[in-house]
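Engineer: Model the following, please.
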Amino acid sequence: MSLRWEPAVRAHAELGEGPTWDPAAGRLVWVDILSARVHTYDPSNGRRTVMATGQHVGAAKPRAGGGLVVNLRDGVGLYTAGGAFSWLLHDPVPGRRGNDAAVAPDGALWAGTMRYDEGTGGGTLTRVAADGTATAVLDTVTVSNGTGWSPDGRLMYYTDTPTRRIDVFDAGGAGPGGVSGRRPFAVVEPGAGWPDGLTVDAEGCVWVALWDGAALRRYTPDGRLDRVVDLPVRRPTACAFGGPDLRDLYVTSARGGLDAPHPLSGSLLVLPDAGHGLPGTPFAG
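Structural biologist: As a prediction, this is how the structure comes out:
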């Protein structure tokens, strides 16, 4: 199947990340981490909004009661539907910031961090419950990135980008955060880019954006590479299915750090009718 891409939002994001479909609002939510902005896009009418967060924002996800949960430089915060802000977990660490995050099927937020200097082992992956209870799952991560779950919720996929691996855990076990049995699922070979954000489709296949690889890859549930989609941007960062029927695949990208960025670098791209995504779970808090 040949997939085509097109620009959904022409933007110049320094570090676009974290696309997430918000079914209640019928819009896509994504962030520009280094510009400290949360963006929304409604594909039905093209309407866009931009909200400043005041500090670097690694991810923004819908909440069950409306509003957003955000993974910020200094911890995890909450926005109400009206825009009022409060801290859920305030944990500032000098030189560290929030990065990618995902909401698990049980409504908990899995929030990743990394050091600004990308120091080895300087980041974390933490499960944050609706009441703010935090469980440290991994404490020697370098660049915490894509996290997603299989359709039956029994597997969790995860990327620490410099390892070049997508790893898989057994979910629902006795380990920290309820995951255990970490093992490699797929490895991205040198020269093909670095695994960044990911999403899991309704067939249980894992789609991953390749930073510095100008492509998306899809891996089957047994870890076999079965699709590569070339993109016009060198640094795609993450992907997510959206639209009313979850058939369009949205891709964020980064412009920062490139000597000669493509005109679409930093834009939000879309691959119409790329497959079928899984319904997301809003944050329970």
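
Engineer: can you pull out the strands in the stretch 101-250 of the chain?
Structural biologist: For the stretch 101-250 of the chain, the strands defined by DSSP state E, counting those that start in this stretch cover 109-115, 123-128, 134-141, 144-149, 155-160, 165-171, 179-187, 194-200, 206-211, 215-219, 225-230, 236-242, 248-253.

Engineer: how close does residue 167 get to residue 179?
Structural biologist: Distance, residue 167 to residue 179, by C-beta to C-beta, to the nearest Å: 10 Å. Quick note: C-beta positions are derived from backbone N, CA and C, even for glycine.

Engineer: Residue 191 too?
Structural biologist: As judged by C-beta to C-beta, residue 191 and residue 179 stand 31 Å apart.

Engineer: now residue 111, which residues is it bridged with?
Structural biologist: Taking DSSP bridges, one obtains residue 101, residue 126 as the residues bridged to residue 111.

Engineer: thought it was touching residue 70?
Structural biologist: No - the pair residue 111 / residue 70 is not scored as a contact, 9.6 Å apart, by C-beta atoms under 8 Å.

Engineer: anything in contact with each of those two?
Structural biologist: Residues touching both residue 111 and residue 70 by C-beta atoms under 8 Å, 6 or more residues apart in numbering: 59, 76, 98.

Engineer: What's the ChimeraX line that selects buried ones from the residues you listed?
Structural biologist: Filtering the shared contacts of residue 111 and residue 70 down to the buried ones (16 or more other C-beta atoms under 10 Å) takes a single ChimeraX command:
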select :59,76,98
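
Engineer: nearest to residue 186, of the shared contacts of residue 111 and residue 70?
Structural biologist: Closest approach between the shared contacts of residue 111 and residue 70 and residue 186, by C-beta to C-beta: residue 59, at 22.5 Å.

Engineer: Now do that closest one, the pLDDT please.
Structural biologist: If you check residue 59, the pLDDT there is 98.

Engineer: which element is it on?
Structural biologist: strand 57-62 (DSSP states H and E).

Engineer: before we move on, back to that, can you list residues touching both of residue 167 and residue 179?
Structural biologist: Overlap between the neighbourhoods of residue 167 and residue 179 is empty, taking contacts as C-beta under 8 Å, 6+ apart.

Engineer: who has more neighbours, those two?
Structural biologist: A side-by-side neighbour count of residue 167 and residue 179, using other C-beta atoms under 10 Å, places residue 179 first with 23 against 19.

Engineer: Distance of the more buried one relative to residue 131?
Structural biologist: Distance from residue 179 to residue 131, counting by C-beta to C-beta: 20 Å.

Engineer: now swap in residue 285 and tell me
Structural biologist: Residue 285 sits 7 Å away from residue 131, going by C-beta to C-beta.

Engineer: and these two? which has more neighbours close in?
Structural biologist: residue 285 (20 against 8).

Engineer: nearest residue to the more buried one other than its sequence neighbours?
Structural biologist: When the adjacent residues along the chain are set aside, residue 285 lies closest to residue 130, with 3.7 Å between them (C-beta to C-beta, 6 or more residues apart in numbering).

Engineer: How about the contacts made by that neighbour?
Structural biologist: Residue 130 makes contact with 107, 108, 283, 284, 285 under the criterion C-beta under 8 Å, 6+ apart.

Engineer: any idea how far it lies from residue 108?
Structural biologist: In terms of C-beta to C-beta, residue 130 sits 7 Å off from residue 108.
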